[in-house]
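J.: Next comes the sequence, and after it the predicted model I'd like to discuss.
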Amino acid sequence: MQFTILFLIFIPLIEIYFMIKIGAVIGAFNTILATLLTAVAGLYFVKLQGISTLYSALNSMRNEKTPFKEILSGFCLGVAAIFLIIPGFVTDALGILLLIPFTRDLILKFFIDEKNIKNSQNQNYDTIEVQAEEIDERDRYK
């Protein structure tokens, strides 16, 4: 809750600061044009990466593997799209970092444990292990 409030207050302030600084150098019209171009170009590349991620997930499922990495990549692409839509240069930079597969994989390494993913993919889900327990008929109706 506190992080969300800080995020909603400080990110727009940072964006406004950089918009003013960059606008003073390249002009107001060019700043607005650059913001619009990064949004349009970024969303186009998010679409391309999203389609590629979808095909990769389908191939993983065909090979009977869990598409965990593809799901996380899709989530990162959604966040990248949101960052690219928000006007500003800082959020555009974050969106572009999430859009590039190499940097997206580096960011995801901080949040996931690859050993657990590989172990869960190698498990045989056809085997169910149970432990039998004998129940007395009289205890059943108590």
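T.: It's in.
J.: Find the nearest non-adjacent residue to residue 38, please.
T.: In space, residue 38 comes closest to residue 92 once its chain neighbours are excluded; the distance is 4.5 Å by CB to CB, 6 or more residues apart in numbering. All C-beta spots, glycine's among them, are computed from the backbone N, C-alpha and C.
J.: With residue 23 instead?
T.: The shortest distance from residue 23 to any residue other than its chain neighbours is 4.2 Å, reached at residue 31 (CB to CB, 6+ apart).
J.: quick one, what contacts the one you found?
T.: Under the criterion of CB atoms under 8 Å, 6 or more residues apart in numbering, the contact list for residue 31 reads 19, 22, 23.
J.: In this structure the residue nearest to residue 38 contacts residue 41, no?
T.: No: contact status for residue 92 versus residue 41: not in contact, 9.8 Å apart, counting by CB atoms under 8 Å.
J.: neighbour count winner among the two?
T.: residue 92 (24 against 13; other CB atoms under 10 Å).
J.: ok, and what's touching whatever helix or strand the more buried one lives in?
T.: Using DSSP states H and E, residue 92 sits within helix 89-99. Applying CB under 8 Å, 6+ apart, the contact partners of helix 89-99 are 11, 14-15, 18-19, 22, 34-35, 38-39, 42, 45-46, 49, 76-77, 79-84, 103-104, 107.
J.: ok, now stretch 8-17?
T.: 86, 87, 88, 89, 90, 91.
J.: ok, now with 10 Å
T.: In this structure, residues lying in contact with stretch 8-17 by CB atoms under 10 Å, 6 or more residues apart in numbering are 35, 83, 86, 87, 88, 89, 90, 91, 92, 94.
J.: Compute the inter-axis angle for the next helix-or-strand element following the helix holding residue 92 and helix 89-99.
T.: Secondary structure here is assigned by DSSP H and E; on that basis, the next helix or strand after helix 89-99 toward the C-terminus is helix 101-111. For helix 101-111 and helix 89-99, the angle between their directions (axes from the mean of the first three to the mean of the last three CA atoms, to 10 degrees) works out to 90 degrees.
J.: Alright, that wraps it up for me.
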